[in-house]
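Novice: coords please:
(chains A and B)
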Amino acid sequence: MSFFDVVFYLFACITVLAGVGVVVARNPVHAALFLVLAFCSTAGIWMLLEAEFLAITLVLVYVGAVMVLFLFVVMMLDINLVQLREGFWRWFPFGALLAGLMVFEMIWVLGSRQTADVSRAIVHAADYSNTKELGRLIYTQYVYPFELAAVILLVAMVAAIALTLRRRSGVKSQNVAEQVKVRKADRLRIVKMESEPKVNNK
Amino acid sequence: MMEWLQPIQNLLGPVWLPLWTAVKIMLIVMPLMGAVAYLTLAERKVIGWMQIRIGPNRVGYFGLLQPLADGLKLFMKEIIVPSGSNKFLFVIAPIMVLMPALAAWAVVPFNAELVLSNANAGLLYILAMTSLGVYGVIIAGWASNSKYAFLGCLRSAAQIVSYEIAMGFALVTVLMAAQSLNLGEIVRGQHGSYGMLNWYIIPLFPMFVVYLISGVAETNRAPFDVAEGESEIVAGFHVEYSGMAFALFFLGEYANMILVAFLTSIMFLGGWLSPVPFLPDSIVWMFGKVAFVLFLFLWFRATFPRYRYDQLMRLGWKVFIPVSLIWVVVVGAWMQTSYWLW
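Specialist: Residues are numbered from 1 along each chain as shown, chains lettered A, B, ... in the order given. Below you'll find the predicted structure:
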């Protein structure tokens, strides 16, 4: 077993265990943290495949941004575990069916002849930049699908903001531009006056 | 330099590479920890002078042993784990703050040859690592099982996440200008015959300002230190920590400060390049620039009053993000013309 294999199986084991942890963890915050661990070790596996851009982006986007917001929400939830586990056995067959289907699909895709011999990543020279190649492909060959995906994301973003946008009356808020525009003369009046004659108090 | 190590290399065989890498990691981490220790002294001295005080001057000549005394004091203190806290996460949170702050140093070049890993996607790696630091904050606040720590962690995490976006866009302009994600290449892209006029601070000046201020906000430094906010919430997410666990948060904060200073000098101030063409490029320039940026950090702290939380969010979302988005477009258009000289 080479060094490569050791690292691969290490990351793979951590990923699988973390995945199990996500499902069985009692505390939702622990589950979210297990998911973070799963993302990180998956990034490690992708790094082994020399997909450094995807690996780092996975950490940057999913771990660094998405899961942080997830944790934010999950931490503030007041979750009743008993209530959550109520329909477990009722929905178990459905879940098991779904899991079985996914396992079957993965075996089908990974085991077929079309995807044969992907056991090793193609090794490139040290000056090969995965990021540059990806950028070149995205902006030339796949530019329309890419732009389409970007537009869909933009629409989703606008929609999400529009959903939470509500106008309330009677809200006090600052108008910063107005505050900045204030000059000394608007607030302060300097009065020139004669000095008072000295009063002799005996 | 490597010739005299050859016999050891032959002796150790396959163990050599991991061992040598560990040695190199120690060669970066140990001086970094020393720098962190003496940055705390520098901070107290500089702010002292700015406020016409003397600063620490009792422990050792000129107060030079003060960081050691502080470290010893924190080391001797008891670490209190609050009852009802989540023990494992409570202990792991300070480590989670320090770990990414140290891991990011793997790709930071000190001069043309001196870099641990000359990674192609270095800039992305730095962004990914610095975005992990927020986990320590969130976990610390949650695991303490305290309302004050939890509120502090929410404030701090929201601030870090917000400023990361502006920071990321500032870095996008840098990588557009340098046409590379490799930090060494970014410095080399600023090499030219006009010295400091070739640095990216000239065409990307608005981004330099955005990056520097976001860097201050990212590291929870004054005037953006609402995480601590002693006048409102009295130390935010780390209110339940004591002793060395508490010190680890500050080690992380100062290590992040030094990291931001290094990145600012690499990306905008020409790294190890000399500011004038007739002097040679050297690692001395690098440290000089880093020291200057760190001095700015201390200067900010001594000068500005703390931002109010809503003003801080407004600055991040409504000022910095639009400005950086516009500057990305400006730089993109500018680079297509013949007036782009960098």
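Novice: in this structure B:Asn120 contacts A:Ile56, no?
Specialist: No. Using C-beta atoms under 8 Å as the test, B:Asn120 is too far from A:Ile56 to be in contact (10.5 Å). Just so you know, the C-beta spots here come from the backbone N, C-alpha and C atoms, and that holds for glycine as well.
Novice: residues from chain A in reach of chain B?
Specialist: Residues of chain A lying near chain B by C-beta under 8 Å from any C-beta of the partner chain: A:29, A:33, A:36, A:52-53, A:56-57, A:59-60, A:63-65, A:68-69, A:71-72, A:75, A:127-131, A:176.
Novice: please indicate which of the residues you listed are buried?
Specialist: In those, burial by neighbour count holds for A:29, A:33, A:36, A:52-53, A:56-57, A:59-60, A:63-65, A:68, A:71-72, A:75, A:129-131, counting by 16 or more other C-beta atoms under 10 Å in any protein chain shown.
Novice: what residues of the helix or strand of chain A with the lowest mean pLDDT count as buried?
Specialist: Least confident element among the helices and strands of chain A, by mean pLDDT, DSSP states H and E: helix A:81-84 (a mean of 71). By neighbour count with 16+ other C-beta under 10 Å, helix A:81-84 contains no buried residues.
Novice: and for stretch B:312-329?
Specialist: B:312-313, B:315-316, B:320-321, B:323-324, B:327-328.
Novice: in what helix or strand does B:Ala140 lie?
Specialist: B:Ala140 belongs to helix B:122-143 when assigned by DSSP states H and E.
Novice: just the CA atoms of that helix, as CSV, please.
Specialist: Extracted in CSV, the C-alpha atoms of helix B:122-143 (Å, rounded to 0.1, in the frame of the first residue of the first chain):
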residue,chain,number,x,y,z
GLY,B,122,-2.3,29.7,-3.0
LEU,B,123,-4.7,32.7,-2.8
LEU,B,124,-7.7,30.4,-2.8
TYR,B,125,-6.2,28.3,-0.1
ILE,B,126,-5.6,31.4,2.1
LEU,B,127,-9.2,32.4,1.6
ALA,B,128,-10.5,28.9,2.5
MET,B,129,-8.3,28.7,5.6
THR,B,130,-9.2,32.2,6.9
SER,B,131,-12.9,31.4,6.4
LEU,B,132,-12.5,28.4,8.8
GLY,B,133,-11.5,30.6,11.7
VAL,B,134,-15.1,31.6,12.3
TYR,B,135,-15.9,28.0,13.5
GLY,B,136,-13.8,28.4,16.6
VAL,B,137,-15.8,31.5,17.5
ILE,B,138,-19.2,29.9,16.9
ILE,B,139,-18.3,26.7,18.7
ALA,B,140,-16.8,28.6,21.7
GLY,B,141,-20.0,30.7,22.0
TRP,B,142,-22.3,27.8,21.8
ALA,B,143,-20.4,25.3,23.9
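Novice: just after that helix, pick out the following helix or strand.
Specialist: Proceeding N to C from helix B:122-143, the next assigned helix or strand is helix B:147-178, under DSSP H and E.
Novice: let me see the mean pLDDT of the following helix or strand past that following helix.
Specialist: Sequence order places helix B:183-188 as the next helix or strand after helix B:147-178, per DSSP H and E. Mean pLDDT, computed over helix B:183-188, is 88.
Novice: tell me what helix B:183-188 is packed against?
Specialist: Packing partners of helix B:183-188 (3 or more C-beta pairs under 8 Å, 6 or more residues apart in numbering or on different chains; DSSP states H and E): helix B:122-143, helix B:147-178, helix B:243-267.
Novice: pick the most deeply packed of those helices.
Specialist: Counting by mean count of other C-beta atoms under 10 Å in any protein chain shown, helix B:122-143 has the highest mean neighbour count of the helices and strands packed on helix B:183-188, with a mean of 25.
Novice: which one of the helices and strands packed on helix B:183-188 lies nearest to B:Phe75?
Specialist: With C-beta to C-beta as the criterion, B:Phe75 lies closest to helix B:243-267 of the helices and strands packed on helix B:183-188, at 5.8 Å.
Novice: now do the contacts for the one residue in the stretch 51-200 of chain B that gets nearest to chain A.
Specialist: Nearest residue of the stretch 51-200 of chain B to chain A: B:Ser131, at 2.9 Å (C-beta to the nearest C-beta). Shown in contact with B:Ser131 (C-beta atoms under 8 Å, 6 or more residues apart in numbering or on different chains): A:59-60, A:63-65, B:164.
Novice: excluding its backbone neighbours, what's nearest the residue of chain A found nearest chain B?
Specialist: Nearest to chain B, among the residues of chain A, is A:Gly64, at 2.9 Å (C-beta to the nearest C-beta). Spatially, and ignoring its direct neighbours in sequence, A:Gly64 is nearest to B:Ser131 (2.9 Å; C-beta to C-beta, 6 or more residues apart in numbering or on different chains).
Novice: pLDDT wise, what is that neighbour at?
Specialist: pLDDT at B:Ser131 comes out at 87.
Novice: so how far is A:Arg187 from the residue nearest the centre of chain A?
Specialist: Residue closest to the average C-alpha location in chain A (C-alpha atoms, centre = their mean): A:Val66, at 1.8 Å. From A:Val66 across to A:Arg187, the span is 47 Å (C-beta to C-beta, to the nearest Å).
Novice: which intervals of the chain have sub-threshold pLDDT?
Specialist: Since you didn't name a chain, this refers to chain A. Along chain A, the parts satisfying pLDDT under 70 run over A:1, A:115-123, A:125-127, A:201-202.
Novice: switch to chain B, that's the one I care about
Specialist: Residue ranges of chain B with pLDDT under 70: B:1-3, B:229-234.
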